[in-house]
Every structure is written in C-alpha cells, then in structure tokens.
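> what would the 3D arrangement of this be:
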Amino acid sequence: MSVELLNEGLAAGLAQLGIELPLAVQAKLIAYRDLLLKWNKTYNLTAIRDADQVLSHHVLDSLAILPRVTGGPLLDVGSGGGLPGIPLAIVRPELAVTLIDAVDKKTSFQRQVAIELGLSNLHPIHGRVEELQGSFALIASRAFSDLASFVAATRHLLAPGGRWLAMKGQLPRAELTDLPAGIAVEKTLPLTVPGLVAERHLIVMKAVS
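Below you'll find the model as predicted:
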C-alpha cells in the first residue's frame, strides 16, 4: 500500500512536520482517528466531526510537539480523547505514556484504543491528577487549564530535571507572568500545524531552585 493510498492528507502533513513514519505506523494513526470518530458519536470526545479535520486539528497538532518529546516517561494530563498522548504513543512505541482524565468514559475510550491498536506503552488512568503518584520526565497538557493551575496540580509528579509541555493556542502572555514561585519558562515555541490556520504555541517549563 502506498502512502497516497493510505491517506494523502496525513502523509503530506507528516512531511511538512519533518516526521518520517513507516506505513504501519501511519495506519495506526488513521485507525486511531477512525476510533475517535466512532466513539465520538456516543461519548462526545471532540467537537470536530470531519475526518480530515480530526487529522489536522488533533493528530498532527499532537505530533507537532514531537521534537520536544525526548526521554520519558510522559504524563498526559486531562487527556480527554487521548491528545496528545495517543498519537505520541503510536509514533514512539518505546515511550511510556500515561494518560489521566477525571471522566471515566474518556479513559474507557483510551483503554479500548490501547487494546485495538496494541499499544502496550499506553497506560490510561481514571482519576484526579492531584491524587496520582509517580515520577515523569515529561508532563504534557493540551488546553487542560491555565499554566499556574497546571504546574501546581502536577508539581509532585515532575521528575528531577523534568519538563512541563503546555500546548496552547495564542501565546498566553498573562499566564506566563503568573507562574508559582520556583517555576521558570524555558522556551515559548510557535508551532506550525499542517491544515490548521489558528495560532499554536508550546510552553516549556521547568522547576528551579
């Protein structure tokens, strides 16, 4: 099967992001897209109903942060439909990815994705992140909350030398000046997502003494 026959939009988007993936991995991304659309009819996982827009607004948007996903393990907070955690787990099978969400039906969907796509590195958890125990080199969120609330709720989970990866739309200038003591912004990176016109930014934060 050629890349074109699999999905031209996905192949083109990956190329624009500079990501090379085997066809089998691309097929898993498409399968995840299809599962998200199927379960969305009952579980309301996303407001987007168009298949191509799911690829651009969700799958490729999640993969836009891939260059910053070094090391691991990774925690995806308020994961919802599994974003960005599931696309990252698909393309990085060696990366241990934990998803946590307070809504049980969303973690039920995540578990089904892990089963159907054979993602042994994906670990969905139903619960509140404030009550979670563990240590993560990377803690990611996609529109989970404001930056101060995000780092406050997860500070006990960040491994020494770890980083927070907060995915945002427009650059949240007010939030950047309202971080708790001991938290520093390492980088603010504009993201270019194929097929997505809206502004996207990645805020990389770390704990400092």
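> what residues of whichever strand or helix holds Asp34 count as buried?
Following DSSP states H and E, one finds Asp34 within helix 23-43. Neighbour counts over helix 23-43 (16 or more other Cβ atoms under 10 Å) mark 26-30, 32-33, 35-37, 39-40 as buried. (Each C-beta comes from the backbone N, C-alpha and C, glycine too.)
> how far does it sit from its chain's centre?
Offset of helix 23-43 from its chain centre (Cα atoms, centre = their mean, to the nearest Å): 15 Å.
> any idea of the mean pLDDT for that helix?
Mean pLDDT, computed over helix 23-43, is 92.
> show me which residues of whatever helix or strand comes next after it are buried.
Next in sequence after helix 23-43, counting helices and strands by DSSP H and E, comes helix 51-54. Within helix 51-54, the residues scored as buried using 16+ other Cβ under 10 Å are Val54.
> show me which strand runs longest in this protein.
Taking DSSP state E as the criterion, the chain has its longest strand at strand 158-168.
> show me what that one is packed against.
strand 136-142, helix 147-154, strand 201-207 (3 or more Cβ pairs under 8 Å, 6 or more residues apart in numbering; DSSP states H and E).
> mind putting these in JSON lines, mean pLDDT, mean neighbour count and distance to Val97 included?
JSON lines is the format used below for those (pLDDT from 0 to 100; neighbours: other Cβ atoms under 10 Å; distance: least, Cβ to Cβ, whole Å):
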{"stretch": "strand 136-142", "mean pLDDT": "97", "mean neighbour count": "24", "distance to Val97": "9"}
{"stretch": "helix 147-154", "mean pLDDT": "96", "mean neighbour count": "19", "distance to Val97": "15"}
{"stretch": "strand 201-207", "mean pLDDT": "97", "mean neighbour count": "18", "distance to Val97": "17"}
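> right, I'll leave it there.
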